[in-house]
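Trainee: Provided below are the primary sequence and the corresponding predicted coordinates.
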Amino acid sequence: MFSVIKSGFCSKLTSEFDLRMNQLTGVERQLDSQLRSLKIGLASITGWSPHWAINKFKRDIGANLNNIVPSLSQFDELATLANLCVFTQQNSMLSKPSTLAKSIKTAVKSNADQALTSLASGIPSEFSAAKLVGALKSQIKTSNVNLIVPEAKQALNCMSGICGTNITSRLATLQGFLSKFNISELGELDVSALLASQGIGQLQIDAINRVSEQIDGVMDRIDNAFESGIDYIKRVIPEDDDDE
């Protein structure tokens, strides 16, 4: 027989799992929309690019990286530009170079996306598929699915191992969600399994994954560049209290 404390503990675990499952159900419509777009997009592809074209895309990114990812010295340029512009000088937030830097990262990423699209003109099918996969991955991250799923799984493990709760139905519900979107128990999209389920062959899956890695790599570089750039600005240009 459980003590009062253990009974309360086990009830709390159950309610926490149910809360997370409700959260997953709440984001299902958005994921459904992204998954539907991906399936339609993949079904519209009529041909694939040769292996050498994928390699060329990678080389072209490397050759143009300095034009896509800002260097540390370019953050000095941002401070100069801000001082030349009356609007940013007089705006209480944008007059601070570090805050201005944060505010333009989305625009820099948008420009990078346009540059990548241009460089990918020789691999339209793989690039299109990689972008569709990226949109689903982004929705999963934005919806915190990558955080919610592992927590739900951990709660189930405790319910079963510590409380002896029959988790069969709850486990089936969670697994049904994961299977529907090809999401692992770590809350990450299993891209290869998803593409294979849509009839994409292994050679094409490998090509799409390589293109995705290149796209993600550029965006990660931009994130890192802005993190370093903002730290640099704060060191060389003293500011009042930060906006964060």
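Mentor: Sure, I can see it. Quick caveat, the model's predicted, so the values are computed rather than measured.

Trainee: Point to the residue nearest the middle of the protein.
Mentor: Ser138 (3.7 Å; Cα atoms, centre = their mean).

Trainee: so which helix or strand takes in it?
Mentor: Assigning secondary structure by DSSP states H and E places Ser138 in helix 124-142.

Trainee: pLDDT averaged over that helix - what is it?
Mentor: Mean pLDDT, helix 124-142: 95.

Trainee: Show me what counts as buried in stretch 145-153.
Mentor: Buried residues in stretch 145-153, counted by 16 or more other Cβ atoms under 10 Å: Val145, Asn146, Ile148, Val149, Pro150, Glu151, Ala152, Lys153. (C-beta placed from N, C-alpha, C; glycine too.)

Trainee: doesn't Ser184 make contact with the fifth one?
Mentor: No. Between Pro150 and Ser184 there is no contact under Cβ atoms under 8 Å: 9.5 Å.

Trainee: Need the overlap of contacts for these two.
Mentor: Common neighbours of Pro150 and Ser184 are not found (criterion: Cβ atoms under 8 Å, 6 or more residues apart in numbering).

Trainee: residues in contact with the residue nearest to Thr46 when sequence neighbours are not counted?
Mentor: Of all residues not flanking Thr46 in the chain, Ser125 sits nearest, at 7.9 Å (Cβ to Cβ, 6 or more residues apart in numbering). Taking Cβ under 8 Å, 6+ apart as the criterion, Ser125 is in contact with Ile45, Thr46, Gly47, Trp48, Ser49.

Trainee: follow-up on the earlier one: just the buried residues of stretch 145-153 now: which is nearest Thr173?
Mentor: Taking Cβ to Cβ as the measure, Thr173 lies nearest Ala152 of the buried residues of stretch 145-153, at 9.6 Å.

Trainee: That closest one touches Leu24, doesn't it?
Mentor: Yes. At 7.4 Å, Ala152 counts as touching Leu24 under the criterion of Cβ under 8 Å.

Trainee: what do those two both touch?
Mentor: By Cβ under 8 Å, 6+ apart, the residues touching both Ala152 and Leu24 are Leu174.

Trainee: what bits of this structure have low per-residue confidence?
Mentor: 1, 238-244 (pLDDT under 70).

Trainee: Run through the helices of it in chain order.
Mentor: 4-43, 51-68, 73-84, 86-90, 97-119, 124-142, 145-161, 168-181, 191-197, 202-236 (DSSP state H).

Trainee: which residues touch the third one?
Mentor: The reference is to helix 73-84. Contacts of helix 73-84 (Cβ under 8 Å, 6+ apart): 88-89, 94-95, 97, 100-101, 104, 229-230, 232-233, 236-237.

Trainee: 10 Å instead, please
Mentor: 66, 70-71, 88-89, 91, 94-101, 104, 108, 225-226, 228-233, 236-237 (Cβ atoms under 10 Å, 6 or more residues apart in numbering).

Trainee: report the angle between the axes of it and helix 202-236?
Mentor: Counting by axes from the mean of the first three to the mean of the last three Cα atoms, to 10 degrees, helix 73-84 points 60 degrees away from the direction of helix 202-236.

Trainee: before we move on, what about the longest one?
Mentor: Angle of helix 4-43 versus helix 202-236, following the same axes, to 10 degrees, is 110 degrees.

Trainee: circling back to that earlier point, separation between the residue nearest to Thr46 and Leu42?
Mentor: 9 Å (Cβ to Cβ, to the nearest Å).

Trainee: Common neighbours of these two, please.
Mentor: Common neighbours of Ser125 and Leu42 (Cβ under 10 Å, 6+ apart) are Gln204, Ile208.

Trainee: List only those of the contacts of helix 73-84 flagged as buried.
Mentor: Neighbour-count burial (16+ other Cβ under 10 Å) applied to the contacts of helix 73-84 gives 70, 88, 94-101, 108, 225-226, 229-230, 232-233.
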